[in-house]
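>>> Here's a sequence, model it:
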Amino acid sequence: MWNKRNEGDPRTATVPAPQSHTSVQAPARTFEPPPTAAVLGPSVVVKGEIRADEDLTIEGEVQGTVQVIGHRLTIGPKGNLQTSGVKAREVVVLGKMKGSIEATEKVYIRKDAQLLGDVQTAGIIIEDGAYFKGGIDIRKPANGKE
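Okay, here's the model as predicted:
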């Protein structure tokens, strides 16, 4: 049964005063693969051909071709890819890569990355501190966007 004496009137409830804010330093930014990506961990070594119909993150060592057409390939900070060719929608290099890239949209070479090879893409971003040696062929996007 409802007892009016035990319940306060919500219209007269008091709201606690806000507490003072203290500054908190943000934690160091670490690399985390996208949540829906397949991940080859740091202890994984692959020799051969990789084909995937989803985003792929390489944290280990891969020697061979990689095709993730329509998806993103990420070479993590500890990743090492030696390839005759990569085909993907986007390629993000944070670690080491030797070989050519064919990306329909964009290639990102992050600040501590090393890339030796030719790149064919619609757009490229090379951050300060990255090492890149190779040729760049900028092509129009496949879907006609500019």
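
>>> who does the helix or strand where Val91 lies pair up with?
Here Val91, judged by DSSP states H and E, is contained in strand 86-93. Each strand that strand 86-93 pairs with, and the sense of that pairing, follows from DSSP bridges: strand 66-75 (parallel), strand 101-109 (parallel).

>>> now the ones you listed in JSON lines, with distance to Val86?
In short, each C-beta sits where N, CA and C put it, glycine included. Supplementary listing: these in JSON lines, determined by distance: least, CB to CB, whole Å:
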{"stretch": "strand 66-75", "distance to Val86": "5"}
{"stretch": "strand 101-109", "distance to Val86": "5"}
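
>>> could I get the ones you listed as a markdown table with mean pLDDT?
What follows is the strands paired with strand 86-93, written out as a markdown table (pLDDT from 0 to 100):
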| stretch | mean pLDDT |
| --- | --- |
| strand 66-75 | 96 |
| strand 101-109 | 97 |
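
>>> can the ones you listed go into JSON lines with extra columns for distance to Leu56 and mean neighbour count?
Shown next, in JSON lines, are those (distance: least, CB to CB, whole Å; neighbours: other CB atoms under 10 Å):
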{"stretch": "strand 66-75", "distance to Leu56": "5", "mean neighbour count": "21"}
{"stretch": "strand 101-109", "distance to Leu56": "13", "mean neighbour count": "21"}
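
>>> Please report how far Leu81 lies from Gly117.
Distance from Leu81 to Gly117, counting by CB to CB, to the nearest Å: 10 Å.
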